[in-house]
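Trainee: The sequence isn't on hand, but the structure is:
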């Protein structure tokens, strides 16, 4: 089981970390000892929308080797829209399960991964997402085949828990949720 | 208005980022343009409990210059318990408003900042916290004078919103909460 967390300049840090926390607990809490995860980017160090510098583990590596890809959103999406190399890189994930938080689904749209797929995004970006699919769906987590999209920033935590349950079952998701002290898991 | 976000090796990243997101929105959403915030540590780069490398803005700088300090928890708390330099550094925050998430309140205890103060921590650490104060309180956010402590990992988001309201008022807290797509603000 291998997961890639995508990071990039001007992303919203919580979009990434809210999903990273529950998913990495699959390993740190001892449920899946051979879980591997990488923080992947198009450069060695990124600066988030808030100004945080984070170092990537892998740079522009082929994403087809992963089972799950997590794509955050943020102000940086507008720069990625102009970055053909980044979009081509994301396309290498096309045969994996590709997930996104907030404006991350716009990146999936730019990479032509959500054509005719049900998908969601931040409430303020719903109209923008309609450029990429006719099936924009205003729910907190939306799954359609290999595409799983989450709504605004804090739905990152719900997406992480949703993926924990998908990977390891409900009982383990409930244990992780309890350890995270998260009373209101909400995927609807 | 100046805020210091403390980071250190083996901290839980979400403890930090869950508070960092709403508080930095006070600036990025244009509510407090002269808000300043620094990511402060005892070293230039830290590696979180999950393996994430984050760069600090300031190293062992005097914390008395800030209005608010945010201290996360995580596995690293047990190493800090042996690190006199780190504890002495945290003590320089004693005249500010000092806040913590999860095991961060243990660090406040080690720095002798919560004697006789009501305080909370992760449900599994309540007994440990009793070494430092007789007033351990099992609520999600606990405020006692200049000490504001939050419970487990995801209460970082509630702490951030609680501080947004304290700094800028309820109306702005509600706007930030809505932008974060966070339906269940919970401080009790």
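Mentor: Perfect, thanks for sending it. Being a predicted model, the structure only gives us computed values, none of them experimental.
Trainee: The longest helix seen in chain A to helix B:13-28, inter-axis angle?
Mentor: Secondary structure of chain A per DSSP state H: the longest helix is helix A:13-28. Taking axes from the mean of the first three to the mean of the last three CA atoms, to 10 degrees, one finds that helix A:13-28 is oriented at 180 degrees with respect to helix B:13-28.
Trainee: roughly how far is helix A:13-28 from the heart of the chain?
Mentor: Helix A:13-28 has its C-alpha centroid displaced from the chain centroid by 10 Å (CA atoms, centre = their mean, to the nearest Å).
Trainee: Specify the next element, helix or strand, located C-terminal of that helix.
Mentor: Sequence order places strand A:36-41 as the next helix or strand after helix A:13-28, per DSSP states H and E.
Trainee: Report the buried residues of that next one.
Mentor: A:37-41 (16 or more other CB atoms under 10 Å in any protein chain shown). Bear in mind the C-beta positions are built from the backbone N, C-alpha and C, glycine included.
Trainee: Near chain B, list only the ones from these.
Mentor: Counting by CB under 8 Å from any CB of the partner chain, residue A:39 from those sit close to chain B.
Trainee: for the helix or strand where residue A:128 lies, packing partners?
Mentor: Using DSSP H and E, residue A:128 sits in helix A:126-129. Secondary-structure packing of helix A:126-129 (3 or more CB pairs under 8 Å, 6 or more residues apart in numbering or on different chains; DSSP states H and E): helix A:104-110.
Trainee: neighbouring contacts of the helix it packs on?
Mentor: If you take CB atoms under 8 Å, 6 or more residues apart in numbering or on different chains as the criterion, helix A:104-110 is touched by A:6, A:15, A:70-73, A:77, A:80-81, A:87, A:90, A:98, A:100, A:114, A:119-121, A:125, A:128-129, A:131-133, A:147, A:149.
Trainee: Ok, stretch A:52-60 next?
Mentor: By CB under 8 Å, 6+ apart, stretch A:52-60 touches A:4, A:7, A:13, A:38-48, A:85, A:89, B:20, B:39, B:45, B:52-55.
Trainee: Next: stretch A:156-171.
Mentor: So stretch A:156-171 is contacted by A:1, A:14-23, A:25-26, A:31-32, A:68, A:70, A:72, A:99, A:101-102, A:140-141, A:143, A:148, A:150, A:172-173, A:176-177, A:180, A:182, A:185-187, B:154 (CB under 8 Å, 6+ apart).
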